[in-house]
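Enquirer: Need the 3D shape of this:
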Amino acid sequence: MAADSATPNPSHLLICIYTVFVCISVSAVVHAQTLSLGSKHNSTSQLKDSLVYLWPLPAEYTFGNGTLSVDPDLSLAVGGNGGNSAIVRDAFERYRAIIFKHGPSNFRPMKSHISKVRVVVHSDNEELQLGTDESYSLIVAESDDRSIIAEATIEANSVYGALRGLETFSQLCTYDYETKSIHIYKAPWYVRDRPRFAFRGLLLDTSRHYYPVDVIKQIIESMSYAKLNVLHWHIIDEESFPLEVPTYPKLWKGAYSKWERYTIEDADEIVNLLSMSTCCQIVKLRQEKRLRRLRFTDCINVMAEVDVPGHAESWGAGYPDLWPSASCREPLDVSKNFTFDLIAGILTDMRKIFPFELFHLGGDEVHTDCWTSTPHVQQWLRDHNMTGKDAYQYFVLRAQQIAISKNWTPVNW
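Expert: Residues are numbered from 1 along each chain as shown. Purely as a prediction, here's the structure:
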């Protein structure tokens with residue numbers, strides 16, 4: 001698209017207004033405290049079942065006064081069109097390891113004990129996007145006169161609802177440090193849960209503070225424990241440009257150092273949560289086109305952010321022509337086609353890695369004085385009958401058009 005073409009029509013674009021809320025609900029804490037299962041005593045034996053916390057608090061739940069033990073040989077039974085999904089099976093193994101993280105259990109069956117978790121998933125659609133159905137029901141039932149075997153049943157429309165149910169089940173499982181066994185207190189439990197918000201995100205800024213790949217993967221895993229569903233990866237900013245862009249290989253000269261960078265393989269590993277133990281199999285799996293996105297096990301999407309036109313001084317370390325001038329280095333030069341060609345190249349490379357439907361283009365804190373005070377940009381503004389404010393709108397809308405052409409829904413601050 002030529003720089004002297006008409007300003008993009010805003011009516012043809014979907015402009016998303018994006019707001020991040022980091023909320024700790026006081027009311028949720030208050031309600032969670034109603035799950036206190038005993039009075040306060042000094043005796044450890046009396047404290048062992050005193051508290052049960054579920055976080056976030058389910059939409060609906062009831063509980064009783066029974067106690068169940070959990071068999072260390074806990075097994076999985078599946079049903080429905082999607083119950084046999086590898087995503088469900090992998091998640092179950094992960095949560096079983098979490099539940100029994102203290103090692104071998106001194107399991108002594110109580111009157112009621114759970115030896116099996118039944119997961120029923122109605123749909124075999126494994127696509128993970130914004131609005132994917134994450135609702136589920138969880139029943140942890142006591143035994144009856146006919147059997148000493150209690151039951152835990154999770155029912156969901158999607159595999160991701162089942163994963164949320166497994167998370168809740170794992171939170172109900174409490175380790176007893178005296179008996180060294182796993183118990184579920186205040187059974188039976190009846191839970192019906194669904195997200196209150198479709199977008200539940202955590203922002204991670206790796207431009208200002210570099211994080212190693214393994215740390216980012218741990219952050220993603222921890223997000224799943226709180227049932228968050230989007231990692232907003234603020235990769236690039238004025239301080240550093242740590243990401244490899246094959247189409248424009250000099251861009252990551254803007255990194256803090258050669259050790260504080262993310263290769264394409266690193267980014268792919270973060271987005272897809274490929275464990276180090278499986279990295280040796282990546283090439284073979286790709287050749288067979290069977291590379292399974294392990295991020296699904298955590299039910300987390302990764303939304304990348306490339307902040308333009310401001311917050312972009314680091315870009316010029318590799319390509320100084322992106323600066324309006326050597327002494328006035330941001331926002332990016334709106335007058336040059338090269339600026340938009342480079343943005344298109346970045347997004348083309350990133351589209352191969354980031355499957356999530358949303359892509360964040362920043363757009364905040366743009367001071368246009370650099371444009372209005374640089375001679376060649378001044379001339380471009382006059383030629384196009386634009387003010388600095390007009391040029392900012394032009395830049396944002398043109399960048400959004402590039403994102404839309406890559407089949408992304410653009411997001412801006």
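
Enquirer: then stretch 169-178 to PDB, C-alphas only?
Expert: Output in PDB follows, covering the C-alpha atoms of stretch 169-178 (Å, rounded to 0.1, in the frame of the first residue of the first chain):
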ATOM      1  CA  PHE A 169     -11.200 -31.500  41.500                       C
ATOM      2  CA  SER A 170      -7.500 -31.200  42.300                       C
ATOM      3  CA  GLN A 171      -8.200 -28.200  44.600                       C
ATOM      4  CA  LEU A 172     -10.700 -30.400  46.600                       C
ATOM      5  CA  CYS A 173      -8.000 -33.000  47.100                       C
ATOM      6  CA  THR A 174      -6.200 -32.200  50.400                       C
ATOM      7  CA  TYR A 175      -3.000 -33.800  51.700                       C
ATOM      8  CA  ASP A 176      -3.100 -35.000  55.300                       C
ATOM      9  CA  TYR A 177       0.300 -34.600  56.700                       C
ATOM     10  CA  GLU A 178      -0.400 -36.900  59.600                       C
END
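
Enquirer: Just the buried positions in that stretch, please.
Expert: The neighbour-count check on stretch 169-178 (16 or more other Cβ atoms under 10 Å) flags 169, 171-176 as buried. For the C-beta atoms, the positions are set from N, CA and C on the backbone; glycine is no exception.

Enquirer: before we move on, what about stretch 222-240?
Expert: Buried, per 16+ other Cβ under 10 Å, within stretch 222-240: 223-224, 227-240.

Enquirer: cool, stretch 161-171 as well?
Expert: 161-169, 171.

Enquirer: Identify the residues contacting that stretch?
Expert: Outside stretch 161-171, the residues that touch it by Cβ atoms under 8 Å, 6 or more residues apart in numbering are 53-55, 58, 82-83, 87-88, 91-92, 95, 98-99, 117, 119, 121, 133-138, 140, 152, 154-156, 191, 193, 224-225, 227, 297-299.

Enquirer: what about burial for those residues, which qualify?
Expert: Looks like these have 54-55, 58, 82-83, 87-88, 91-92, 95, 99, 117, 119, 121, 133-138, 140, 152, 154-156, 191, 193, 224, 227, 297-299 buried, using 16+ other Cβ under 10 Å.

Enquirer: Helices - which of those land there?
Expert: 87-88, 91-92, 95, 99, 224 (DSSP state H).

Enquirer: from these, which is closest to residue 352?
Expert: Checking those against residue 352 with Cβ to Cβ, the nearest one is residue 87 at 22.4 Å.

Enquirer: If I follow the layout properly, that closest one ends up in contact with residue 125?
Expert: No. Using Cβ atoms under 8 Å, residue 87 is not in contact with residue 125, being 11.3 Å away.

Enquirer: picking that back up, need the buried residues of stretch 161-171 in JSON lines with pLDDT, distance to residue 393 and secondary structure, can you?
Expert: Output for those, formatted as JSON lines (pLDDT from 0 to 100; distance: Cβ to Cβ, whole Å; DSSP: H, G, I helix; E, B strand; the rest coil):
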{"residue": "161", "pLDDT": "97", "distance to residue 393": "41", "secondary structure": "helix"}
{"residue": "162", "pLDDT": "97", "distance to residue 393": "45", "secondary structure": "helix"}
{"residue": "163", "pLDDT": "96", "distance to residue 393": "42", "secondary structure": "helix"}
{"residue": "164", "pLDDT": "97", "distance to residue 393": "41", "secondary structure": "helix"}
{"residue": "165", "pLDDT": "98", "distance to residue 393": "46", "secondary structure": "helix"}
{"residue": "166", "pLDDT": "97", "distance to residue 393": "47", "secondary structure": "helix"}
{"residue": "167", "pLDDT": "97", "distance to residue 393": "43", "secondary structure": "helix"}
{"residue": "168", "pLDDT": "98", "distance to residue 393": "46", "secondary structure": "helix"}
{"residue": "169", "pLDDT": "98", "distance to residue 393": "50", "secondary structure": "helix"}
{"residue": "171", "pLDDT": "97", "distance to residue 393": "47", "secondary structure": "helix"}
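
Enquirer: still on that earlier bit, and the ones in helices among the buried ones among the contacts of stretch 161-171, which two are the farthest apart?
Expert: 87 and 99 (18.5 Å).

Enquirer: From what I see, residue 155 and residue 123 are in contact.
Expert: No. In this structure, residue 155 is not within contact of residue 123 by Cβ under 8 Å, at 11.9 Å.

Enquirer: Pull out the buried residues from the biggest strand by length in the chain.
Expert: The longest strand of the chain (DSSP state E) is strand 66-79. Residues 66-72, 74, 76, 78 are the ones in strand 66-79 that count as buried (16+ other Cβ under 10 Å).

Enquirer: Double-check residue 404 against residue 397; I have them as touching.
Expert: No. Using Cβ under 8 Å as the test, residue 404 is too far from residue 397 to be in contact (10.3 Å).

Enquirer: Just give me the longest helix of the chain.
Expert: helix 388-405.

Enquirer: Residue 78 and residue 86 touch, don't they?
Expert: No. Under the criterion of Cβ under 8 Å, residue 78 is not in contact with residue 86, lying 11.1 Å apart.

Enquirer: ok so, going back, show me which of the ones in helices among the buried ones among the contacts of stretch 161-171 is closest to residue 261.
Expert: residue 224 (26.7 Å).

Enquirer: gap between the closest one and residue 133?
Expert: 17 Å (Cβ to Cβ, to the nearest Å).

Enquirer: And the helices in the stretch 101-250 of the chain?
Expert: Under the criterion DSSP state H, counting those that start in this stretch, helices of the stretch 101-250 of the chain are mapped to 159-172, 213-225.

Enquirer: can you redo the ones you listed as TSV with distance to residue 363?
Expert: Output for these, formatted as TSV (distance: least, Cβ to Cβ, whole Å):
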stretch	distance to residue 363
helix 159-172	30
helix 213-225	24
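
Enquirer: Where does pLDDT dip in the stretch 101-250 of the chain?
Expert: Across the stretch 101-250 of the chain, the ranges flagged by pLDDT under 70 are 104-112, 143-149.

Enquirer: one more time with 80, if that's ok
Expert: Residue ranges of the stretch 101-250 of the chain with pLDDT under 80: 103-112, 142-150.

Enquirer: Can you tell me the SS state at residue 410?
Expert: Following DSSP: H, G, I helix; E, B strand; the rest coil, residue 410 is assigned to strand.
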